[in-house]
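Engineer: My questions concern the predicted model and sequence given below.
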Amino acid sequence: QVSGGEDEIQQLQKALLDYLDENTEVDASLVFSRKFYVAQWFRDTTMETEKAIKSQKDEDSSEGTHHAKDVETTGQIMHRAESRKKFLRSIIKTAPSQFSTLKMNSDTVDYEDACLIVRYLASMRPFAQSFDIYLTQ
């Protein structure tokens, strides 16, 4: 269950990072996995922002007019990206042992839930979203 108000993706990312942090004592490779996910999500956020800026510039140059709706959408994407980057920066600055003290809820994520979260977050990536196109071709 994801509560409203905060970004759904960010809450899922936090839950997965909580799970990885809780189980680092069992499997030391989870420390690497945790760092990899944070770096990958930061990169994805940066790429999403760059694509939004590029698409806005392309529309402005091709049409010559400014659409308020498109600017608002780009502004929303930029705001969401900045909030995600801020969240990820706070994760990077926090040592793994201290991360468990920042947990939002006391519910722990088990292995099956972590697998489900990973599958959902992976489905949001561009390759997974365009897989049907690749398969059709």
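Structural biologist: The structure has been received and is ready for your questions.
Engineer: Buried residues in stretch 109-127, which are they?
Structural biologist: Using 16 or more other C-beta atoms under 10 Å as the test for burial, stretch 109-127 gives Val109, Ala114, Ile117, Leu121. From N, CA and C alone the C-beta is placed, and that goes for glycine too.
Engineer: now swap in stretch 11-22 and tell me
Structural biologist: For stretch 11-22, by 16+ other C-beta under 10 Å, it's Gln11, Leu12, Gln13, Lys14, Ala15, Leu16, Leu17, Asp18, Tyr19, Leu20, Asp21, Glu22.
Engineer: From the buried residues of stretch 109-127, pick the one nearest Asp27.
Structural biologist: Relative to Asp27, the closest of the buried residues of stretch 109-127 is Ala114; by C-beta to C-beta it sits at 12.1 Å.
Engineer: separation between the closest one and Val38?
Structural biologist: 15 Å (C-beta to C-beta, to the nearest Å).
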